[in-house]
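Colleague: just to be clear, the model below is a prediction. Sequence and coordinates:
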Amino acid sequence: MGLVALQGCSGDSYPQSAMHPSSDFATRLDDLFDQIFWWAVGVFVVVEAVLIYVIVRFRERPGGPRPQEIHGHVLMEIGWTLAPALILVAIAIPTIQTIFVVDRPPTDENALVVEAIGRQWWWEFRYPELGIVTANEAHIPVGRTIDLRLRSADVLHSFWVPKLGGKRDLVPGRENQLWFTADSAGVYWGQCAEYCGTAHAWMGMRVIADEPADFEAWVASEGADAVALTQPAERAGQAVFMSNACVSCHRIQGTAAVGVFGPDLTHFGSRLTLGAGVLENTEANLIRWIDSTQHVKPGNLMPEVQLSDQQVAQLAAYLRALR
């Protein structure tokens, strides 16, 4: 019990805790859990109080009288049958109400449609109204309803960002839906919650809630082509990228790279993480990822291309420049 209590002390220490809701959807779930919790506490207190009273009041005493047995006490039988039934009704009513609210389509006509596509083992995010495609990190505006359309490109996945909403399965051949409105800016961690193969545990994501002005700036930047290169190492890295297998799997807007099998890398340099949340997006980590991706994230589908140390450094410089 002590460990459970400590887990709820700090939202920053537990970035994937559902106990610190940051959206209307997650708040509804948290309120429901709170109601059920306090009913459970009430039942526990009453049962334990009665149990302690019976143990003390009717304990065996040397030479004392034998307690009178009670059999067929109609009122007591009605009471301990009716009380749990009423408690279950009290829990069922808000539960059913919450289910109807969170499972309905969004009613906000201004909702922003975001398509989340689960792939082994990364996330693709598409904004059909904005013409934007990105990977593993979704930006959303604070205060605007997000209409999330969920699909799988291969096997069963499950979308889960605890502080923003409940779990939703991604089923091949079917589109599921989830909606929420973030109430504060921040970076919210998420995870695939359905075992989907070798690298399932490394299939993370980030949902970044921006203030409206910051979100508009992100949209303007993300919708543009990849930035012009200024450094010789960056240009050399682009040549390495275009002359190897990278170009057949990844897309970089404004270049000849139009692959669709791997994450879109148009603005890769501005992302917080790489490898679907495996590592912080730093130059050293990126070099490590390119050089030995299977050691960093075993089982991922990115092939290890044989490159020299110089080519790896140049490729990392190029990708870091894509902002």
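Modeller: Nice, thanks for sending it over. Residues are numbered from 1 along each chain as shown.

Colleague: what ranges does this structure have for its strands?
Modeller: Under the criterion DSSP state E, strands of the chain are mapped to 112-119, 122-127, 132-135, 137-141, 146-152, 157-160, 168-170, 176-180, 186-192, 204-210, 273-274, 279-280.

Colleague: what's the closest of those strands to Val50?
Modeller: Proximity to Val50 (C-beta to C-beta) singles out strand 157-160 among the strands of the chain, at 39.7 Å. Every residue, glycine included, has its C-beta placed from N, CA and C.

Colleague: if we go by neighbour counts, what in the closest one is buried?
Modeller: Neighbour-count burial for strand 157-160, with 16 or more other C-beta atoms under 10 Å as criterion, is recorded at His157, Ser158, Phe159, Trp160.

Colleague: ranking the strands of the chain by burial, who's on top?
Modeller: strand 157-160 (a mean of 24; mean count of other C-beta atoms under 10 Å).

Colleague: what lines up beside that strand in the sheet?
Modeller: strand 168-170 (antiparallel), strand 186-192 (antiparallel) (DSSP bridges).

Colleague: how much space separates Val54 from Glu48?
Modeller: As for Val54, its distance to Glu48 is 11 Å (criterion: C-beta to C-beta, to the nearest Å).

Colleague: actually Phe159, sorry about that
Modeller: 40 Å.

Colleague: how near is the closest residue to Asp108 other than its chain neighbours to Gln16?
Modeller: Among residues not flanking Asp108 along the chain, Thr145 sits closest, at 3.9 Å (C-beta to C-beta, 6 or more residues apart in numbering). Thr145 sits 23 Å away from Gln16, going by C-beta to C-beta.

Colleague: so those two - more neighbours on which side?
Modeller: Neighbour tally, Thr145 and Gln16, criterion other C-beta atoms under 10 Å: the higher count belongs to Thr145, 21 against 14.

Colleague: distance of Asp214 from Thr255?
Modeller: With C-beta to C-beta as the criterion, Asp214 and Thr255 are 27 Å apart.

Colleague: wait, what's in contact with Arg149?
Modeller: Val113, Val114, Glu115, Ala116, Glu175, Asn176, Gln177 (C-beta atoms under 8 Å, 6 or more residues apart in numbering).

Colleague: all helices for the protein, in order.
Modeller: Ranges of helices within the chain are 2-7, 24-57, 74-103, 212-222, 232-242, 246-249, 283-291, 293-296, 309-321, based on DSSP state H.

Colleague: could you list the residues in contact with the fifth one?
Modeller: Contacts with helix 232-242, where a contact means C-beta under 8 Å, 6+ apart, come from 229, 247, 252, 255-257, 307, 311, 313-319, 321.

Colleague: CSV please, covering the strands of the chain and showing distance to Pro263 and mean pLDDT.
Modeller: Below are the strands of the chain laid out as CSV (distance: least, C-beta to C-beta, whole Å; pLDDT from 0 to 100):
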stretch, distance to Pro263, mean pLDDT
strand 112-119, 9, 96
strand 122-127, 6, 96
strand 132-135, 3, 94
strand 137-141, 10, 96
strand 146-152, 16, 96
strand 157-160, 15, 96
strand 168-170, 17, 94
strand 176-180, 22, 94
strand 186-192, 15, 94
strand 204-210, 12, 95
strand 273-274, 9, 92
strand 279-280, 14, 92
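
Colleague: out of these, flag the one nearest Val43.
Modeller: Of those, nearest to Val43 by C-beta to C-beta is strand 157-160, at 29.4 Å.

Colleague: per-domain residue ranges of this structure.
Modeller: 14-221, 232-321 (automatic domain parsing).
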